[in-house]
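Trainee: Take a look and give me a structure for this.
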Amino acid sequence: MKATAPLMSKTAMCLLLIGCLTGAGILALPVQIGIAGLIPSLAGMLTLGACMLFSGMILAYEVADSHDDLFHYPTLFGRYLGSTGKWVAIGANALVIHGLMVAYLAGGAAVITRFLGRYNNLSFALLLFFMVLSAIIICGKRMIHRGSSILIIAMWALFGLILFISQKHVHLPRYASVDWKFFPFSLPVILTAYWYHGIIPNVCRHLEWSFKDTIKVMIVAVLVATLMYVAWVLAAIGVIPLSEGADSLTGAFRQNLPVTVPMQHVLGGKSFLITSLFALAALTTSYISMSLGAIGFHEDLLRHVIRKKRRELILAVSFLPSFFIALFFPNIFLKAINLVGGVGIAILYGILPCIIGIIRSRRDKRLWYFIACSASLLIFSALLCWQAMVEIGLFRPHV
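Mentor: The predicted structure is shown next:
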């Protein structure tokens, strides 16, 4: 492994990671952790953010050690955990990909209908959003990369503008609200917000397989994203009422809406357009990047596992399942993100990497590494069990 990579490459990869971290997950984060309150929110973000960073380090070590341009996580898990581990990874990856694409489509349709003031046209808005994004993806990678860069810059500019506008509407007493009973329901969304592991192979490759440089870039990106999350949550809790009507945090939670929907009604005026554009920019960039990942995932799966090579079939299984799920269940934005975080991400980027870390720690006889991996494994496993019980109805939020 090379010791260092050029500063320009480090900066570019750091921005790439920050862009992944501050994608559409930022639209769901303030709703659920905002209901839990400021102190629980900070505790959850710091704890799970650290766990996700640690699991990312485990994967980064494996990627950098492989020097493989065609690195795939299912192959890695299969090497350590056999055929069962490989297929568990494939299933969890499919859940993450399609679950997030469903959430992005449903969130985009919700933003469009509320911006136009036509709440009954949700299916039409979803179809329109899907067709526009599909057309952009089909146009080619050059247009995608240029358009995504512009959208990311615009998203950050709009994000800063929203924070500036919201300062005038903050009510300080709202920061004192704490609901530890709701706190567990907010944890899967935090996992989704701190998900960036899918692009770690790309980062390692561009940093010339330097593990140290990859870790440095990951730490900086996670810290910057955390600061943005804290600022965003502070704005949401201070501006949006907790439970006063539909345009509140609990109202957004019950309706499965992005946080920008109640925020635009509270801020009013020109902020209505600004928050809508910010939400659409975040959802669009996230959907496009996830779509490219979906195509690559299904291409590898169909060509090398199922032995099917038709391009039309690859595109169909990459896009149509998430579209039809979102079409039949349009009010599913937060539910999809919870399922992805509490099940898919918890397994694929939490439990499985920690098991690999435990195996390597025993092989290398590193006690501290074994303890850290075991503690993280316990946390991710507890989250998976919790979300499974929520999904089957054993636990329901009281709000």
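Trainee: burial of residue 292, as a residue count?
Mentor: 16 (other Cβ atoms under 10 Å). Placement of C-beta: from N, CA and C, glycine included.
Trainee: so it touches residue 137, yeah?
Mentor: Yes: with contact defined as Cβ atoms under 8 Å, residue 292 counts as touching residue 137 (7.4 Å).
Trainee: Please name the residues that touch residue 236.
Mentor: 30, 31, 34, 249, 259, 263 (Cβ atoms under 8 Å, 6 or more residues apart in numbering).
Trainee: right, and the fifth one touches residue 239 too?
Mentor: What it means is residue 259. No: Residue 259 sits out of contact with residue 239 when judged by Cβ under 8 Å, with a separation of 9.8 Å.
Trainee: Who has more neighbours out of the two?
Mentor: Legend: neighbour count by other Cβ under 10 Å for residue 259 and residue 239, higher for residue 259 (27 against 22).
Trainee: Sketch out the low-pLDDT regions of the protein for me.
Mentor: In the predicted model of the chain, residues 1-5, 118-120, 140-148, 303-309 satisfy pLDDT under 70.
Trainee: give me that answer again for 50
Mentor: 1-2 (pLDDT under 50).
Trainee: contacting residues for the residue nearest in space to the middle of it?
Mentor: In the chain, the residue lying closest to the centroid (Cα atoms, centre = their mean) is residue 192, at 3.8 Å. Listed by Cβ under 8 Å, 6+ apart, the contact partners of residue 192 are 25, 28, 100, 337, 338, 340, 341, 345.
Trainee: What about these, which one has the most neighbours?
Mentor: Neighbour max across the contacts of residue 192 (other Cβ under 10 Å) = residue 337, 32 neighbours.
Trainee: Next up, the contacts around that one.
Mentor: 25, 28, 99, 100, 103, 188, 189, 192.
Trainee: from what I can see the first one touches residue 189, true?
Mentor: This points to residue 25. Yes: contact criterion Cβ under 8 Å: residue 25 and residue 189 qualify, at 7.3 Å.
Trainee: where exactly do the helices run in the stretch 1-150 of the chain?
Mentor: 7-21, 25-36, 38-66, 73-116, 122-138, 141-166 (DSSP state H, counting those that start in this stretch).
Trainee: Show me what counts as buried in the first one.
Mentor: Using 16 or more other Cβ atoms under 10 Å as the test for burial, helix 7-21 gives 9, 10, 13, 14, 15, 16, 17, 18, 19, 20, 21.
Trainee: helices or strands up against it?
Mentor: helix 200-206, helix 211-239 (3 or more Cβ pairs under 8 Å, 6 or more residues apart in numbering; DSSP states H and E).
Trainee: So for residue 164, which of these sits nearest?
Mentor: Residue 164 lies closest to helix 211-239 among those, at 9.7 Å (Cβ to Cβ).
Trainee: Let me know the angle separating the closest one from helix 25-36.
Mentor: 50 degrees (axes from the mean of the first three to the mean of the last three Cα atoms, to 10 degrees).
Trainee: Just the angle for helix 211-239 relative to helix 7-21, thanks.
Mentor: Going by the same axes, to 10 degrees, helix 211-239 makes 40 degrees with helix 7-21.
Trainee: next SSE after helix 211-239?
Mentor: Per DSSP states H and E, the first helix or strand lying C-terminal to helix 211-239 is helix 249-255.
Trainee: list the buried ones in that following helix?
Mentor: 249, 250, 251, 252, 253.
Trainee: And those residues, which is closest to residue 42?
Mentor: Of these, the one sitting nearest to residue 42 (Cβ to Cβ) turns out to be residue 249, at 16.3 Å.
Trainee: Residue 180 should be in a strand, yeah?
Mentor: No: counting by DSSP: H, G, I helix; E, B strand; the rest coil, residue 180 is not part of a strand but coil.
Trainee: who touches it in this structure?
Mentor: Contact partners of residue 180, counting by Cβ under 8 Å, 6+ apart, are 36, 37, 40.
Trainee: out of those residues, who's nearest residue 317?
Mentor: residue 36 (37.2 Å).
Trainee: highest average neighbour count across the helices of the stretch 1-150 of the chain?
Mentor: Stretch with highest mean neighbour count among the helices of the stretch 1-150 of the chain: helix 25-36 (a mean of 27; mean count of other Cβ atoms under 10 Å).
Trainee: chain center to it: distance?
Mentor: Chain-centre distance of helix 25-36: 12 Å, with Cα atoms, centre = their mean, to the nearest Å.
Trainee: other SSEs contacting it?
Mentor: Using 3+ Cβ pairs under 8 Å, 6+ apart: helix 25-36 touches helix 38-66, helix 73-116, helix 183-193, helix 211-239, helix 249-255, helix 271-304, helix 333-339.
Trainee: Using TSV, lay out these together with distance to residue 374.
Mentor: Shown next, in TSV, are those (distance: least, Cβ to Cβ, whole Å):
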stretch	distance to residue 374
helix 38-66	12
helix 73-116	16
helix 183-193	19
helix 211-239	21
helix 249-255	34
helix 271-304	30
helix 333-339	26
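Trainee: re the thing from before, of the contacts of residue 192, which is the nearest to residue 319?
Mentor: residue 100 (13.1 Å).
Trainee: okay but residue 194 is in contact with residue 48, surely?
Mentor: Yes: look at residue 194 against residue 48 with Cβ under 8 Å: they come within range, at 6.3 Å.
Trainee: That's all I had, so thanks and see you.
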